[in-house]
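Enquirer: fold the following and give me the result.
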Amino acid sequence: MLQLQKHLIPFHRSASPIHLSLHRALLSAAAAASPAHFAVDDYLVTTCGLTNEQAAKAAKYISHFKFPSKADAVLAFFTGPALGLSKADIALLVSLDPRILNSSVEKTLRARVDGFLSHGFTAAQIRSFVRRAPSLFRSVNINKKLGFWMPLFGSPERLLQASDWNNWLLTTDLKKVEPNVAFLKQCGLSAGDIAKLLVAASRLVTMHPEYVQDAVRRTTQLGVAPGSQMFRHALATIGCICQEKVDAKVAVLKETLGWSQEEVNLAFSKAPRILVASEERLRRNAEFLINKVGLPPQYIAHRSVLLMYSLERRLVPRHLVVKALKERRLVDQDRCFFNVVTPTEEKFLEKFVAPYEKSIPGLADDYESACAGKVPEGFQY
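Expert: Coordinates of the predicted model:
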């Protein structure tokens, strides 16, 4: 258009009215032939559904766009039959990852969808993944990774659950993961066990092989052997905490309960998560169980999950109820405390409160108050 203007300027200075009309017509035609400026912010708001604030943040990632055609093709693909995303979905994924509008439909987006479908994912599951992690969907060639992980998890649902906790599953270098998986299989874990381990302690399998091997060694030192029923649970726990914290909590258990290392190992094998509980909880629960409930340390070692329950909301209130029942000889004096604590709240009320409300007026209210931290008078321990 600038070239046309240069040629017409000399003509314009000496032209007749008729020639001036022709000049204006040519300029108008040239302007019509030039594309209108692509307003990125407006496009993000009107077409993609972003707010003005979101559009202002997202615009810098696609400010190089001169035409809307590529972004239009991307939106047409996402809202088309392959995925069927809604307008709200489009607004969400563009706000999370504006660069997705710069993707190639055939080389990237359709290839990703085909990869998911070839591994048994439904359109709904792919939509769920795209909504949650559009940048991963765009940037990671996921087909090879699905080929590695799917035999372990066995189903798209389980893989999606694990990737919710740990996106590294789909971004990490498989060369770093394969030795860990092979090593864990040598330790007696099945593919299903490893998949469950990835959900419970997702980062463990993606860590450096030396870290995984050290976690297995430390688990074994605490008396849980590879191949045993609790090994996966114990490894998931040890893989999440450093040795210094393990040592500190073992010291609390030995000091408060008088346990030997063998009893510590027994307790850990019964309930590995006791080493995740705080030192204060371990100490307070142990002191209560010994001094107030009167349980022998060996009893607690065999039922170590007792150390993990809330003292104020579970152990104390239930102890008070059973103590009141024993005082009135409404239940056996040797009632197992473990069987009092472990039932659900509904089951506990059904078995230990509701049948005795006539014999002990106000029992339900007293129990409710105790659970709220307000122990009624006459309902002491």
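Enquirer: what stretches of the stretch 1-150 of the chain score poorly on pLDDT?
Expert: The stretch 1-150 of the chain contains residues with pLDDT under 70 at 1-37.
Enquirer: my guess is Ser359 contacts Glu327. True?
Expert: No. Taking CB atoms under 8 Å as the definition, Ser359 is not a contact partner of Glu327, at 11.3 Å. Yep, even glycine has a C-beta here, placed from its N, CA and C like the rest.
Enquirer: what sits in contact with each of these two?
Expert: Shared contacts of Ser359 and Glu327 (CB atoms under 8 Å, 6 or more residues apart in numbering): none.
Enquirer: now Lys254, nearest residue through space, not along the chain?
Expert: Val264 (6.6 Å; CB to CB, 6 or more residues apart in numbering).
Enquirer: ok, now Val177?
Expert: Closest to Val177 by CB to CB, 6+ apart is Thr206, at 5.8 Å.
Enquirer: please apply the same query to Phe116.
Expert: Ile126 (4.8 Å).
Enquirer: follow-up on the earlier one: state the number of residues packed around the residue nearest to Val177.
Expert: 19 (other CB atoms under 10 Å).
Enquirer: and the one 4 residues further on, by the same measure?
Expert: Using other CB under 10 Å, Glu210 has 8 other residues around it.
Enquirer: repeat that for Leu311.
Expert: Counted with other CB under 10 Å, Leu311 comes out at 17.
Enquirer: from Arg281, how far out is it?
Expert: Using CB to CB, to the nearest Å, Leu311 is found at 7 Å from Arg281.
Enquirer: again with Pro272
Expert: Taking CB to CB, one finds Pro272 at 15 Å from Arg281.
Enquirer: now Gly188
Expert: Noted for Gly188: a distance of 32 Å to Arg281, by CB to CB.
Enquirer: kindly report the same for Phe348.
Expert: 21 Å.
Enquirer: same check, this time on Val40
Expert: For Val40 relative to Arg281 (CB to CB), the value is 54 Å.
Enquirer: what about the two, which has more around it?
Expert: Neighbours per residue, other CB under 10 Å: of Val40 and Arg281, the larger number sits with Val40, 22 against 18.
Enquirer: now do the contacts for the closest residue to that one other than its chain neighbours.
Expert: Counting by CB to CB, 6+ apart, Ala59 is the residue found nearest to Val40 once chain neighbours are left out, at 4.7 Å. Contact analysis of Ala59 by CB under 8 Å, 6+ apart lists Val40, Asp41, Leu44, Pro98.
Enquirer: from those residues, which land in helices?
Expert: If you go by DSSP state H, the contacts of Ala59 have Val40, Asp41, Leu44 in helices.
Enquirer: surely the last one and Asn52 touch.
Expert: No. At 9.1 Å, Leu44 and Asn52 do not qualify as touching, with contact defined as CB under 8 Å.
Enquirer: these two: which is more packed in?
Expert: Leu44 (27 against 9).
Enquirer: residues in contact with the closest residue to the more buried one other than its chain neighbours?
Expert: Leaving aside its chain neighbours, Leu44 sits nearest to Ala55 (3.8 Å; criterion: CB to CB, 6+ apart). By CB under 8 Å, 6+ apart, the contact list for Ala55 reads Val40, Asp41, Leu44, Val45, Cys48.
Enquirer: just the closest of the residues you listed to Ala76, please.
Expert: Cys48 (12.5 Å; CB to CB).
Enquirer: look up phi and psi at that closest one.
Expert: Per-residue torsions, Cys48: phi -90, psi -10 (degrees, to the nearest 10).
Enquirer: tally of neighbours for it?
Expert: Neighbour tally, Cys48, other CB under 10 Å: 22.
Enquirer: so it touches Asp89, yeah?
Expert: No. Cys48 lies out of contact with Asp89 (CB under 8 Å); the separation is 10.7 Å.
Enquirer: tell me the mean pLDDT over stretch 252-269?
Expert: Mean pLDDT, stretch 252-269: 96.
Enquirer: in it, what counts as buried?
Expert: Of all the residues in stretch 252-269, those buried under the rule 16 or more other CB atoms under 10 Å are Val252, Leu253, Thr256, Leu257, Trp259, Glu263, Val264, Asn265, Leu266, Ala267, Phe268, Ser269.
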